[in-house]
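Peer 1: Predicted model follows, preceded by the sequence.
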Amino acid sequence: MHLVGATQIISRVEFTNVKCTSHDPEFANFDYCLLKSVNRTYKYLSLKVNLVKKPITKIKVNVALFQRLNGYKPFLYNVTVDACKFLKNQKSNPVATYIYSFFKSHSNMNHTCPFDHDIILERLNTNFLNMQVTDVLPVPHGDYLFHSNWFAYDINRATVNVYVTIS
């Protein structure tokens, strides 16, 4: 058998928007939540959550992925994870491990509870995400919403929505 002109499919991720909402500003608020465009090809996401009531010993995160098809429709994942338990044993949930790998190396949320400091996600760039959606788990082209709700002591304290286009 002879292969002629084999090609490799490579996805390109682009941030289109980010929205951070604090549902309880007396518990936690956003110092900043932004996309920064350095040039035409380099864009990154940064956010900082000021935790007002520290330390936090009980955290749950609900993450859902939506694809834009006549409005945003559920796509692939909708998981809720006890973050404190997950950070103790990161191999306990493969879906959470995959999602956590998107921002782990750019965040200070890299240890088990309690959290007695502000949470920072700094300069998460699309070059890093390209590998995750190409090599690790190929994702079809389209517009997506990465929706996350952050619960402390079983109360929804914040929502972070990250909008991306994969082409």
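Peer 2: That came in fine, so what should we check first?
Peer 1: which ones are touching residue 40?
Peer 2: By C-beta atoms under 8 Å, 6 or more residues apart in numbering, the contact set of residue 40 is empty. No exception for glycine: its C-beta is placed from N, CA and C like everyone else's.
Peer 1: And it, what's its pLDDT?
Peer 2: pLDDT recorded at residue 40 is 79.
Peer 1: what's the answer for residue 9, then?
Peer 2: pLDDT, read off for residue 9, is 52.
Peer 1: Kindly export stretch 55-75 (C-alpha atoms) in PDB.
Peer 2: This file holds the C-alpha atoms of stretch 55-75, laid out as PDB (Å, rounded to 0.1, in the frame of the first residue of the first chain):
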ATOM      1  CA  PRO A  55      -9.500  29.900  54.400                       C
ATOM      2  CA  ILE A  56     -11.800  27.900  52.100                       C
ATOM      3  CA  THR A  57     -12.000  24.200  52.900                       C
ATOM      4  CA  LYS A  58     -14.900  23.000  50.800                       C
ATOM      5  CA  ILE A  59     -15.000  23.700  47.100                       C
ATOM      6  CA  LYS A  60     -17.000  22.100  44.300                       C
ATOM      7  CA  VAL A  61     -16.800  23.000  40.600                       C
ATOM      8  CA  ASN A  62     -19.400  22.300  37.900                       C
ATOM      9  CA  VAL A  63     -18.000  22.400  34.400                       C
ATOM     10  CA  ALA A  64     -20.100  22.200  31.200                       C
ATOM     11  CA  LEU A  65     -19.000  22.400  27.600                       C
ATOM     12  CA  PHE A  66     -21.500  23.900  25.100                       C
ATOM     13  CA  GLN A  67     -21.300  24.100  21.300                       C
ATOM     14  CA  ARG A  68     -22.900  26.900  19.400                       C
ATOM     15  CA  LEU A  69     -25.600  25.400  17.100                       C
ATOM     16  CA  ASN A  70     -28.600  27.800  16.900                       C
ATOM     17  CA  GLY A  71     -27.800  28.800  20.500                       C
ATOM     18  CA  TYR A  72     -25.400  27.000  22.900                       C
ATOM     19  CA  LYS A  73     -26.200  23.300  23.200                       C
ATOM     20  CA  PRO A  74     -24.600  20.800  25.700                       C
ATOM     21  CA  PHE A  75     -21.600  19.200  24.200                       C
END
